[in-house]
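1. next comes the sequence, and after it the predicted model I'd like to discuss.
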Amino acid sequence: MKTNSILITGGAGFIGSNFVPFFLESNPDLHLVNLDKLTYAGDLENLTDVDNNPKYTFVEGDICNRKLIEELFNKYQFQGVIHFAAESHVDNSITNPGAFINTNITGTFNLIDVAKAHWMSASFQFIKGKEANRFHHISTDEVYGTLGETGLFTEQTPYAPNSPYSASKASSDFIVRSYFHTYGMNVITTNCSNNYGPKQHNEKLIPTIIRKAISGENIPIYGDGKNIRDWLYVLDHCKGIELVYKTGTTGETYNIGGRNERDNLYIVDVICGILDEIRPAKKSYKEQITFVKDRPGHDFRYAIDANKLENELGWEADENFESGIQKTIEWYLNKYEQ
Ligand code: NAD
């Protein structure tokens, strides 16, 4: 079958399941094949709105399975890969780092190596008609390590990953980089800050705050709650990915971040404040906030300088934290109160 097919990996996860419907709608000429292993983090419920779309195909499988990847490339003749699939939760990487090494490093190697075999006849030589085929690797700002009170991560910041998760993502970034420098492949990488929004797994900070709040449980906050992240609404990330995939310069990396640095105390305070207004309880939800033992090696601060993406490609975030969190809370209330 020869169509304008793109392979999406990890499309049943948080960001992928926001990206797939968005990208299908803005690219009706393309066919998306979503390859996902459906680990605990993948949920097909998040993709029901595209189930019947003839331009969408779901395949359950593992990116570490090279034979499967080769079969999919043979069948669909992909013109691009947008690679989201990963083990993504830092806490799990502390207790079970092996899964992160397999999926994030070996899985990424498998994918890009099969893509190279299908798109290139030799180093720096594309098979005719495959010159524009692109491998887009989705990565994180956590590869840069941690910041102090000031400064921002730019694309030039040296890598200094601190958790098994970020170390495995850094390794995968380097593999992708090497396929550009060694083989001349058309690769591109985006490193994004913390995402939030609909369809995120229950284990992550913002869904946890909302769920615990409305169920009357303690709301756990690591350490003193002063850790800072640069929060980006997931659809702004998706828009950035589409822009970079279509217009970014080969071999380059682009940071994506919304200049929305907020510490965890602020996040929990805002969410509880909004819930106090729209779901008032006997007492303020803020009284449920509980500080728990900090995560080992917890990075203090991440913040992204997105100038390159803004100035070179014209990207701009549509949401700030205060507007995005309203929509997010509404989505989770709808989910948890059903
Ligand atoms: P997620 O954990 O919600 O989803 C990951 C998806 O990958 C799941 O559907 C899972 O089933 C699938 N998957 C896992 N292992 C697989 C394997 N071996 N083969 C096939 N599929 C597999 O993750 P997310 O938050 O959506 O993150 C997506 C990507 O974006 C990741 O690469 C992550 O590193 C990156 N990222 C995430 C954030 C964030 O804040 N969530 C920020 C920056 C970058």
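-> Yep, it's here. Numbering: from 1, shown residues only.
2. the lengthiest helix in the chain: how far from the chain's middle?
-> Ranked by number of residues, the top helix in the chain under DSSP state H is helix 164-183. Its chain's C-alpha centre lies 16 Å from the corresponding centre of helix 164-183 when counted by CA atoms, centre = their mean, to the nearest Å.
3. output the contacting helices and strands for it.
-> Applying 3 or more CB pairs under 8 Å, 6 or more residues apart in numbering; DSSP states H and E, one finds that helix 164-183 contacts helix 90-95, helix 97-100, helix 108-119, strand 134-140, strand 187-192. Placement of C-beta: from N, CA and C, glycine included.
4. can you tell me which of the ones you listed comes nearest to Tyr76?
-> Tyr76 lies closest to helix 108-119 among the helices and strands packed on helix 164-183, at 10.2 Å (CB to CB).
5. flag the shaky bits of the stretch 151-300 of the chain, pLDDT-wise.
-> Judged against pLDDT under 70, the stretch 151-300 of the chain has no low-scoring part.
6. show me where it has helices.
-> Using DSSP state H, counting those that start in this stretch, the helices of the stretch 151-300 of the chain run over 164-183, 205-214, 234-247, 264-278.
7. reformat the ones you listed as TSV; add distance to Glu45 and mean neighbour count.
-> Shown next, in TSV, are those (distance: least, CB to CB, whole Å; neighbours: other CB atoms under 10 Å):
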stretch	distance to Glu45	mean neighbour count
helix 164-183	25	20
helix 205-214	14	21
helix 234-247	16	21
helix 264-278	23	17
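8. tabulate the ones you listed (TSV), appending distance to the ligand.
-> Listed next are the helices of the stretch 151-300 of the chain as TSV, based on distance: least, CB to the nearest ligand atom, whole Å:
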stretch	distance to the ligand
helix 164-183	5
helix 205-214	10
helix 234-247	7
helix 264-278	13
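9. and those helices as a markdown table, adding distance to Ser17?
-> Shown next, in a markdown table, are the helices of the stretch 151-300 of the chain (distance: least, CB to CB, whole Å):
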| stretch | distance to Ser17 |
| --- | --- |
| helix 164-183 | 20 |
| helix 205-214 | 14 |
| helix 234-247 | 9 |
| helix 264-278 | 22 |
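10. excluding its backbone neighbours, what's nearest Cys140?
-> Actually, residue 140 is Thr rather than Cys. With sequence-adjacent residues excluded and distances taken as CB to CB, 6 or more residues apart in numbering, Thr140 is closest to Lys169, at 5.3 Å.
11. what's the answer for Asp294, then?
-> Nearest residue to Asp294, sequence neighbours excluded (CB to CB, 6+ apart): Gly223, at 3.5 Å.
12. mind putting the helices and strands packed on helix 164-183 in TSV, mean neighbour count included?
-> Shown next, in TSV, are the helices and strands packed on helix 164-183 (neighbours: other CB atoms under 10 Å):
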stretch	mean neighbour count
helix 90-95	16
helix 97-100	16
helix 108-119	21
strand 134-140	23
strand 187-192	24
